[in-house]
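Participant: Mind looking at a prediction? Sequence and model below.
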Amino acid sequence: MSSMTVGLPLTWRRIPERYNLIGSECEICHTKYFPVRRICPQCRRKGKMKEVKLSGKGKVYSYTRIYAPPSGFELDAPYMIAIIELEEGPRLTAQVEDCNARDVKIGTPVEMIFRKIQEDGKEGLIHYGFKFKTVSGTSHILQE
Amino acid sequence: MRRVAIVGAAMTKFGEEWERGFRDLIAEAGLKAIEDANMSGNELDAIYGGTMAAGRLIGQEHITALIADYMGLNPIPATRVEAACASGGVALRSGYLAVASGHHDNVVVGGVEKMTDVPVGEAAIALGGAGDQEWELFMGATFPALYAMMARRHMHEFGTTEEQMAMVAVKNHANAAKNPYAHFQKEITLRDVMKSKKVASPLKLYDCSPITDGAAAIVLTPLEKARKYTDTPVEIVASSQASDTLALHHRKSLTTLNSSVVASRNAFNMARMKPSYIDVCEVHDCFTIAEIIAYEDLGFVKKGKGGKAIEDGETTLDGKIPVNTSGGLKGCGHPVGATGVKQAVEITWQLRGEAKKRQVRGAEIGMTHNVGGSGATCVVHIMKRVN
Ligand SMILES: CC(C)(COP(=O)(O)OP(=O)(O)OC[C@H]1O[C@@H](n2cnc3c(N)ncnc32)[C@H](O)[C@@H]1OP(=O)(O)O)[C@@H](O)C(=O)NCCC(=O)NCCS
Ligand SMILES: [Zn+2]
């Protein structure tokens, strides 16, 4: 079983954000948000939100390597999870892979890659979305 | 608002209680607490129950109805409270508000979680529900991972070390070894912690609270009637709660929980007290880094000095401010919904002078700090012995 057996509607609704890093920008204060928000927490009713595509470039704000995975991620462990600060400002949580784990530090430049995130059981949905890799990273096996 | 007192307190042994189920645990804690209050069941007006994930962990919702039934307390109202790992503390606050408002007189507050009926990976997923399901857990994050990222920032910003975090585990296991109700009954060394297996770097097995079964209960009554039930009432002089973003990554800082800062500041204001007044404190050490951050957020030390406080022994049983005399979540165990209530049980025992080998001498004022998720909820209580 995966982290939560998610049905098709939720997966489908999240495709713009998870596949293409679509977030929101407030046209009044110009703050950018990820994921999409309908209300600007700073301007509230005065705000006006539009969708915006984020560049997928950013820096590692914090990171960890997971050795005790939740059900559904056993085959991936150990794997790296990071909070990424995008160059437009918003932060998000994502896996960092396809690079040498030793190169991942606070401040390391990273860019978005498109990968499989998880599967719902044997015949369930396959969920795709963003992960990140170090900008200079080549495809070393993860080591720490 | 009326003043409110604790007149009964009890808990079950915490641990991997394979022979006992959810119903056995809560009935034991509840009945012991009511007995401790010298009350009869028909004097009770209401039940508030804290549990986080009974649906996922034992397939049972509607658990306070079950509690009322199995404690033989029908038909009084029974309300479930859920705020992840702060469910117990928020249940206590709900009971406190019900009595303070004058609506109910005698209220029993229970907290319970039965976590070992499912494999550890499933329990981890149930706990994950305390975070942001769509944007943290879906990506493969776990709770240890979220706190590991706080730890990494704390190390980066303030020079906190893995050894300092390990010292929290050593202290809390030492306290747990003096507590017959604790999950872990043995002391550990710094080396044991440092050599324990990695869970989410830099956190290791002994930096984490365990998966635990257990229940705890408290009986509340208006202060003016408390003497009818006990010679040693403990007054709740402040109750305060605050919230923050569900996902950790949306916070401005990873090295402070704003909900802890706000809830504790409001609690001190309500009680007209300062951090230095507190004689004994139970904080939410779901991971060792969380205790270090709590020292700072509650105002016991300056921001960034938490690591040094544990290293200097300021929070041991005979230190300046003893923290987690029960063993904390780390040593006493963390049956999530029960934890916030258990903290109040420990402080009640301390203020009554009933904490035996871990008694803090002369303790008059105590505090509990209970956090939900990675800090999206925090609830704080200050208690005082009534002389
Ligand atoms: C850390 C964790 C993953 C360990 O689980 P695990 O790897 O399955 O551990 P096991 O059950 O295999 O236990 C192995 C041994 O370590 C002990 N142990 C387990 N967890 C422990 C802990 N946290 N501290 C100390 N010892 C622990 C067990 O008693 C067992 O000892 P034994 O071999 O003598 O019986 C699990 O305890 C966990 O997820 N903890 C975090 C809980 C959490 O997130 N709570 C919510 C916080 S907000
Ligand atoms: Zn705005």
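Facilitator: Cool, got the structure. Residues are numbered from 1 along each chain as shown, chains lettered A, B, ... in the order given. Ligands and ions are numbered 1, 2, ... in the order given.
Participant: Let's verify the closest residue to residue B:278 other than its chain neighbours: helix, strand, or coil?
Facilitator: Excluding its sequence neighbours, the residue lying closest to residue B:278 (Cβ to Cβ, 6 or more residues apart in numbering or on different chains) is residue B:367, at 4.9 Å. From N, CA and C alone the C-beta is placed, and that goes for glycine too. At residue B:367 the chain is in strand, as set by DSSP: H, G, I helix; E, B strand; the rest coil.
Participant: tell me which parts of the stretch 251-387 of chain B are close to chain A?
Facilitator: residue B:254 (Cβ under 8 Å from any Cβ of the partner chain).
Participant: Straight-line length of stretch B:101-119, end to end?
Facilitator: 42 Å (Cα to Cα, to the nearest Å).
Participant: pLDDT score assigned to residue A:136?
Facilitator: Looking at residue A:136, its pLDDT is 74.
Participant: Ok, the one 4 residues further on next?
Facilitator: Looking at residue A:140, its pLDDT is 47.
Participant: Likewise for residue A:10?
Facilitator: The predicted local confidence for residue A:10 is 74.
Participant: hmm, back to that, which ones are touching the residue nearest to residue B:278?
Facilitator: Contacts for residue B:367 were tallied using Cβ atoms under 8 Å, 6 or more residues apart in numbering or on different chains; they are B:267, B:278, B:280-282, B:298, B:347, B:380-383.
Participant: now do residue A:18
Facilitator: A:117, A:127-130.
Participant: The stretch 151-300 of chain B: helices as residue ranges?
Facilitator: Using DSSP state H, counting those that start in this stretch, the helices of the stretch 151-300 of chain B run over B:162-176, B:190-195, B:258-271, B:288-297.
Participant: could you dump the third one to PDB, C-alpha only?
Facilitator: Same thing as helix B:258-271. Extracted in PDB, the C-alpha atoms of helix B:258-271 (Å, rounded to 0.1, in the frame of the first residue of the first chain):
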ATOM      1  CA  ASN B 258       5.800  29.800  16.000                       C
ATOM      2  CA  SER B 259       2.800  27.900  17.500                       C
ATOM      3  CA  SER B 260       4.900  27.100  20.600                       C
ATOM      4  CA  VAL B 261       6.200  30.600  20.900                       C
ATOM      5  CA  VAL B 262       2.600  32.100  20.700                       C
ATOM      6  CA  ALA B 263       0.900  29.400  22.900                       C
ATOM      7  CA  SER B 264       3.500  29.700  25.600                       C
ATOM      8  CA  ARG B 265       3.700  33.500  25.600                       C
ATOM      9  CA  ASN B 266      -0.100  33.600  25.900                       C
ATOM     10  CA  ALA B 267      -0.100  31.000  28.700                       C
ATOM     11  CA  PHE B 268       2.500  33.000  30.700                       C
ATOM     12  CA  ASN B 269       0.400  36.100  30.300                       C
ATOM     13  CA  MET B 270      -2.700  34.300  31.400                       C
ATOM     14  CA  ALA B 271      -1.000  32.900  34.500                       C
END
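Participant: What are the buried residues along that helix?
Facilitator: Neighbour-count burial for helix B:258-271, with 16 or more other Cβ atoms under 10 Å in any protein chain shown as criterion, is recorded at B:258-268, B:271.
Participant: Give me the residues contacting the lowest-mean-pLDDT helix or strand in chain B.
Facilitator: Sorting the helices and strands of chain B by mean pLDDT, DSSP states H and E puts helix B:120-128 at the bottom, at a mean of 89. Helix B:120-128 is contacted from outside by A:1, A:3-4, A:68-72, A:74, B:52-53, B:56-57, B:85, B:115-116, B:118, B:136-137, B:141-143, B:211, B:336, using Cβ under 8 Å, 6+ apart.
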